[in-house]
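J.: this one's sequence-less:
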């Protein structure tokens, strides 16, 4: 059974800092891994999708890496801004659906 | 091209009533997934449907919960005789193909059971 964990559970940083969010999964037989952002009371916004054959994906200030063999992914956020404050979810495509991690709650202080 | 549409956005029910949650997938998508997010918990897979078929319902509670995706119209998640523990956010996602590639999520329905 696939299990996904995320570290840290919560993170508070001053504006402008670079930061790394971590995601670990137990079963390396995945199709892909996706990072989402969830704002309070809102739905999920897809940030980056990494296929199982890829090592990383970049979008603007975001960079996600994938190491299938070790069961890890990291989301790197450069030059953080208060608007980045949200919960970040890692989800692993396992079979027919996604298995989600519990999320990292990020606060970027002005 | 409208995204995944869920309605209602908020639903209030008293214990014992029925809740019906609707999800219209993105245009061209014939695969629908339902997830539940309990307060202070992560999203959990419930059920995966393709038009008129349930493909995987391994995450569905055994009683009171059912889902359908008819040939015409939206997918429906139905909860009978709701209890307080059913209070959660229910998210729907859709994809174009059966292999999990990119799932697009709706804004969710927040169910509150009084």
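T.: Nice, thanks for sending it over. Being a predicted model, the structure only gives us computed values, none of them experimental. Residues are numbered from 1 along each chain as shown, chains lettered A, B, ... in the order given.
J.: Distance-wise, check the residue nearest the centre of chain B relative to chain A.
T.: For chain B, the residue whose C-alpha lies nearest the mean C-alpha position (Cα atoms, centre = their mean) is residue B:34; its distance is 3.7 Å. Here the criterion is Cβ to the nearest Cβ, to the nearest Å. By it, residue B:34 lies 10 Å from chain A. All C-beta atoms are positioned from the backbone trio N, CA, C, and that covers glycine.
J.: now the strands for the chain?
T.: Using chain A here. Taking DSSP state E, the strands of chain A run over residues A:4-7, A:10-14, A:19-25, A:32-38, A:44-51, A:56-59, A:62-67, A:72-77, A:86-94, A:97-100, A:104-109.
J.: That was the other one, I meant chain B.
T.: Going by DSSP E, chain B shows strands at B:5-7, B:10-13, B:19-24, B:31-37, B:43-50, B:53-56, B:65-68, B:75-79, B:88-95, B:104-105, B:109-113.
J.: can you tell if the fifth one touches chain A?
T.: Yes - residues of strand B:43-50 are located near chain A by Cβ under 8 Å from any Cβ of the partner chain, namely B:43-45, B:48.
J.: Partner strands of that strand, with direction?
T.: strand B:31-37 (antiparallel), strand B:53-56 (antiparallel) (DSSP bridges).
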